[in-house]
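Chemist: sequence first, predicted model second:
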Amino acid sequence: MIFESYVDLPANDAKGGFDHADVHAASDRLYVAHTCNDALDVIDCKRERYIESVPGLTGVAGALVSEARGLVFTSNRGEDTVSVFTPGAEREAVKIAVGVKPNGLAFDPARGILIAANVGDPAIAGSFTLSVVDVGRRERTVEIPVPGRTRWTVYDPAREMFYVNIASPAKIVAVDARNPRAVRSEFDIVAAGPHGLDIDPASGRLFCACDAGVLFAIDAASGRTLGEVGLSGAPDVIFLHPATGRLYVAIGDPGVIDVIDTSRMRRVQTVDTEAGAHTLALDRKRGKIFAFLPQTHRAAVYREQG
């Protein structure tokens with residue numbers, strides 16, 4: 001990664017910063033959850049400049065883009081909803097009630113099914129769940145119990161499965177998109193705190209970054225560990241670029257991005273960002289990485305190498 005520029009973003013309204021982000025390649029719009037502002041910040045990836053902020057998303061925890069459907073989703077942890085809108089019509093978002101404190105999001109564009117992985121509340125019995133949302137009908141259809149607090153989630157179109165990280169007990173649970181009414185299978189993870197999650201559908205490998213400071217490559221069909229690599233600290237958001245085989249891991253403490261060569265499962269670079277910078281976004285079209293810096297409320301833009 002080579003540093004390119006900074007993009008200034010709105011100052012923080014309260015203590016905290018940013019959370020999960022995603023890029024809509026067709027419009028060159030990057031959406032990042034500015035959690036402490038209850039807003040979604042929008043960046044022009046091509047010009048590397050701030051466009052606007054979308055307010056009224058209480059405790060927004062993440063953004064997810066569907067290129068296939070031309071949709072953007074947000075998880076609004078402070079109000080137990082998810083939002084759905086089209087790029088360019090952000091203020092016409094529709095909100096849908098889900099479970100307790102939604103966080104991770106994954107979407108099956110063929111069926112129009114969104115999964116919201118709910119963090120839950122230990123004081124509320126049965127609140128560790130996955131909400132299944134029929135986006136076309138704009139309603140939640142099923143609530144699936146899971147064994148603990150959720151982290152991120154991904155959809156695997158090759159196997160038609162949703163995968164969800166569970167922090168404790170350390171597991172990945174799988175839900176079949178063809179019948180999303182219950183957990184179909186569970187994989188035990190041999191390190192504490194599964195957190196960041198991504199998938200390479202072509203190879204069938206899940207990449208699971210754990211609080212224990214280790215990244216695992218896992219066979220999505222069997223749950224078998226295929227490889228592992230140590231990280232610079234406890235990770236959060238991860239993104240894979242399948243075309244290059246590079247995986248980018250945001251680590252808030254000490255404030256770095258680890259770059260992993262997934263073909264060899266080796267760390268090939270560690271780039272300083274800023275203390276607390278635990279989230280990033282990947283513009284695969286241009287090979288750019290945006291790291292979100294909570295202390296200076298801006299995005300650092302890097303370009304991929306080799």
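Modeler: Great, that's in hand.

Chemist: so who does the residue nearest to Cys210 when sequence neighbours are not counted touch?
Modeler: Leaving aside its chain neighbours, Cys210 sits nearest to Ala191 (4.2 Å; criterion: C-beta to C-beta, 6 or more residues apart in numbering). For the C-beta atoms, the positions are set from N, CA and C on the backbone; glycine is no exception. Counting by C-beta atoms under 8 Å, 6 or more residues apart in numbering, Ala191 touches Ala170, Cys210, Asp211, Ala212, Val214, Phe216.

Chemist: can you turn the buried part of these into a ChimeraX selection?
Modeler: Buried members of the contacts of Ala191 can be picked out in ChimeraX with the line below, counting by 16 or more other C-beta atoms under 10 Å:
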select :170,210,211,212,214,216
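
Chemist: report the two of the contacts of Ala191 separated the most.
Modeler: Pairwise distances across the contacts of Ala191 (C-beta to C-beta) peak at 12.5 Å, for the pair Asp211 and Phe216.

Chemist: Pro10 against Asp38, yeah?
Modeler: No - under the contact definition of C-beta atoms under 8 Å, Pro10 does not touch Asp38, with a separation of 11.5 Å.

Chemist: these two - which one has more neighbours?
Modeler: A direct count of neighbours by other C-beta atoms under 10 Å for Pro10 and Asp38 places Asp38 higher, at 20 against 14.

Chemist: which residues does the closest residue to the more buried one other than its chain neighbours contact?
Modeler: Once flanking residues are discounted, Asp38 sits nearest to Thr58: 5.0 Å by C-beta to C-beta, 6+ apart. Contacts for Thr58 were tallied using C-beta under 8 Å, 6+ apart; they are Asp38, Asn76, Arg77, Gly78, Glu79.

Chemist: how many residues are close by the last one?
Modeler: The burial count assigned to Glu79 is 18, neighbours taken as other C-beta under 10 Å.

Chemist: so it: helix, strand or coil?
Modeler: coil (DSSP: H, G, I helix; E, B strand; the rest coil).
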